[in-house]
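Asks: Quick one: sequence and predicted model below, then my questions.
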Amino acid sequence: MISRRKFIITGSLAAGGAFADPEGLLAIPQSSFSKDPILPLIMSTWDFGRVANSEAFKTLARGGNSLDAVEKGINVIEADPENTSVGLGGYPDRDGFVTLDASIMDFKGRAGSVTFLQDIIHPISVARQIMEYTPHVMLSGAGALQYALEKGFKKENLLTEKSKKAWEDWKIKSHYKPVINIENHDTIGLLVMDQDGNISGGCSTSGLAFKMHGRVGDSPIIGAGLYVDNEIGAAVATGLGEMVMKTLGAFLVVELIRGGKSPQDACEETIYRIIKKNPDFREYQVAIISFDKSGNTGAYAIQPGFTYALTRGEIDTIVSAPSYLI
């Protein structure tokens, strides 16, 4: 039974990577967890991932498994109108439509995803329904919406006044041309290993702000934005999806772990490959988080400033990830 939690939030999220750890847990070499990982283990992208981690933990405490925890953790972020990266309040495309992508994978090797979904707050839940109740992995656009409505999801206007104003301001400044050399979007990616050692993961996003209508990023692409192998580990990516898609970043991380690399080395090698294939990498951000079946973790980014939320047992931290650029 999971008991009371202790919350440790970093005092500094500077690029140098210093963070508070009064219990000394993170000073323990990662290899120390290789025989007896401290569970549950939860990782998610960005500072706001701490809220997702908390909900995931509560779900596990109520008896849910890693799949339940992933869905419920991401649901919290999707429903937050102040978070402009996903779900309600997500930034629209350049035509003013909020279009959502999401994917989910579980410890049974199943996967589900949605692309170009509109008017539904919780694309991660639709993705789970597709995974569990259809013979398919991915549904898109009008078909995804039709399926969601058939399953009881409600249509809602996702464009908040805050996001609408940001879009209107963008149109004036950018003359109706997308500006993709500025990181103006994020993703909620969540990985969970539960008390039974079973791994699930999910990824949900409204994609690149002010993107071309119809654009789909890496988040719903199995192996690009997300990959889970219950025998090996899991990885999830955030940042400019086009760069991740061309390397199948999440799958690559897991396969490198399968080949013997630590999650940290695997994340770094994957970012190096992305950099090698994209000469203009200095203009963009891509970051990846990962853990293996033994509880070792890894994270790496192109640019400094990427943070992730880490829950190990009853300890919560926000960690500043190392990066290729300083």
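Replies: Done, it's in.
Asks: need the contact list for the nearest residue in space to G87 that is not next to it in sequence.
Replies: Leaving aside its sequence neighbours, G87 sits nearest to E78 (Cβ to Cβ, 6 or more residues apart in numbering; 3.1 Å). (Glycine included, C-beta is placed from N, CA and C.) The neighbours of E78, taking Cβ atoms under 8 Å, 6 or more residues apart in numbering as the test, are 86-88, 121-124, 188, 204.
Asks: Kindly recompute the last result at 7 Å.
Replies: Shown in contact with E78 (Cβ atoms under 7 Å, 6 or more residues apart in numbering): 86-88, 121-122, 124, 204.
Asks: Can you name the two of those residues that sit furthest apart?
Replies: L88 and I124 (12.9 Å; Cβ to Cβ).
Asks: neighbour count winner among these two?
Replies: I124 (31 against 24; other Cβ atoms under 10 Å).
Asks: Quick check, central residue of this structure?
Replies: G189 (1.2 Å; Cα atoms, centre = their mean).
Asks: Tell me how far the residue nearest to G298 when sequence neighbours are not counted lies from E269.
Replies: Excluding the flanking residues, the one nearest G298 by Cβ to Cβ, 6+ apart is P263, at 3.1 Å. Applying Cβ to Cβ, to the nearest Å, one obtains 11 Å for the distance of P263 from E269.
Asks: quick one: which of the two has more around it?
Replies: Taking other Cβ under 10 Å, P263 and E269 do not tie; P263 has more neighbours (28 against 15).
Asks: For the more buried one, give me the backbone phi and psi.
Replies: Main-chain dihedrals, P263, degrees, to the nearest 10: phi -60, psi -40.
Asks: does it really touch I289, like I thought?
Replies: No: contact status for P263 versus I289: not in contact, 8.5 Å apart, counting by Cβ atoms under 7 Å.
Asks: From what I see, M131 and A102 are in contact.
Replies: No: counting by Cβ under 7 Å, M131 does not reach A102; the two are 11.0 Å apart.
Asks: The two: who's more crowded?
Replies: Using other Cβ under 10 Å, the more surrounded residue of M131 and A102 is A102, with 34 against 21.
Asks: still on that earlier bit, please flag which of the contacts of E78 sit within helices.
Replies: When DSSP state H defines the helices, the subset of the contacts of E78 inside them is I124.
Asks: Can you lay out the contacts of E78 as a markdown table showing pLDDT?
Replies: A markdown table is the format used below for these (pLDDT from 0 to 100):
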| residue | pLDDT |
| --- | --- |
| V86 | 94 |
| G87 | 96 |
| L88 | 95 |
| I121 | 97 |
| H122 | 98 |
| I124 | 98 |
| S204 | 98 |
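Asks: Just the buried residues out of the contacts of E78, in ChimeraX syntax.
Replies: Only the buried entries of these go into this ChimeraX selection, using 16 or more other Cβ atoms under 10 Å:
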select :86,87,88,121,122,124,204
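Asks: Any chance of the contacts of E78 in JSON lines with distance to T307 as columns?
Replies: Listed next are the contacts of E78 as JSON lines, based on distance: Cβ to Cβ, whole Å:
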{"residue": "V86", "distance to T307": "17"}
{"residue": "G87", "distance to T307": "20"}
{"residue": "L88", "distance to T307": "23"}
{"residue": "I121", "distance to T307": "25"}
{"residue": "H122", "distance to T307": "24"}
{"residue": "I124", "distance to T307": "21"}
{"residue": "S204", "distance to T307": "18"}
